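1. When you get a sec, could you give me coordinates for this:
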Amino acid sequence: MLPRLLERGLFGALARIIRFLCKFDLGFDVYDQALTTGLFISTHKRLPKRNGDINDFLYEIKRNGELKLPERGFVTDKEFAKIFVRGIL
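-> I've put the predicted structure just below:
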């Protein structure tokens, strides 16, 4: 019971911090990075590592904005990958 209350307390504090940051015009990236970091910490119960496992790698891709690049979307989409392979072959 107590760990769940502590988790809610930490998550609630994080949510209040994010709401406070959203009052300022800091841009979407600040909010997105704060939310991504908060979700990672609440899910994995640790801070992300530089050379960690696959979860840390995926967190880093999501946090640094690489998912917004059109090249990343092209190479990760199944249908676009088929077009790319046809073009190469």
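2. burial count for K78?
-> Residues lying near K78 (other Cβ atoms under 10 Å) number 6. Every C-beta, even on glycine, is put in place using the N, C-alpha and C of the backbone.
3. and it, what pLDDT?
-> K78 carries a pLDDT value of 87.
4. Now do it against I61, distance only.
-> K78 sits at a distance of 18 Å from I61 (criterion: Cβ to Cβ, to the nearest Å).
5. With F74 instead?
-> 15 Å.
6. and if you look at T36?
-> When T36 is compared with I61 (using Cβ to Cβ), they lie 10 Å apart.
7. Name the residue in these two with the higher neighbour count.
-> Looking at T36 and I61 with other Cβ under 10 Å, you find the greater number of neighbours at T36, namely 15 against 12.
8. ok, and for the strand or helix carrying that one, which residues are buried?
-> Using DSSP states H and E, T36 sits in helix 28-44. Under the neighbour-count criterion of 16 or more other Cβ atoms under 10 Å, helix 28-44 has A34, T37, G38, F40, I41 buried.
9. of all those residues, which comes closest to V85?
-> F40 (32.9 Å; Cβ to Cβ).
10. can you list contacts of stretch 73-88?
-> L67 (Cβ atoms under 8 Å, 6 or more residues apart in numbering).
11. can you dump the C-alpha coordinates of that stretch into CSV?
-> The C-alpha trace of stretch 73-88 is given here as CSV (Å, rounded to 0.1, in the frame of the first residue of the first chain):
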residue,chain,number,x,y,z
GLY,A,73,9.2,7.6,-40.4
PHE,A,74,10.2,6.4,-43.9
VAL,A,75,12.5,3.7,-42.7
THR,A,76,10.2,2.4,-39.9
ASP,A,77,7.0,2.2,-41.9
LYS,A,78,6.3,-1.2,-43.3
GLU,A,79,4.8,0.0,-46.6
PHE,A,80,7.6,2.5,-47.2
ALA,A,81,10.2,-0.2,-46.4
LYS,A,82,8.7,-2.4,-49.1
ILE,A,83,9.0,0.5,-51.6
PHE,A,84,12.6,1.2,-50.5
VAL,A,85,13.6,-2.5,-50.9
ARG,A,86,12.0,-2.6,-54.4
GLY,A,87,13.9,0.5,-55.3
ILE,A,88,17.2,-1.0,-54.2
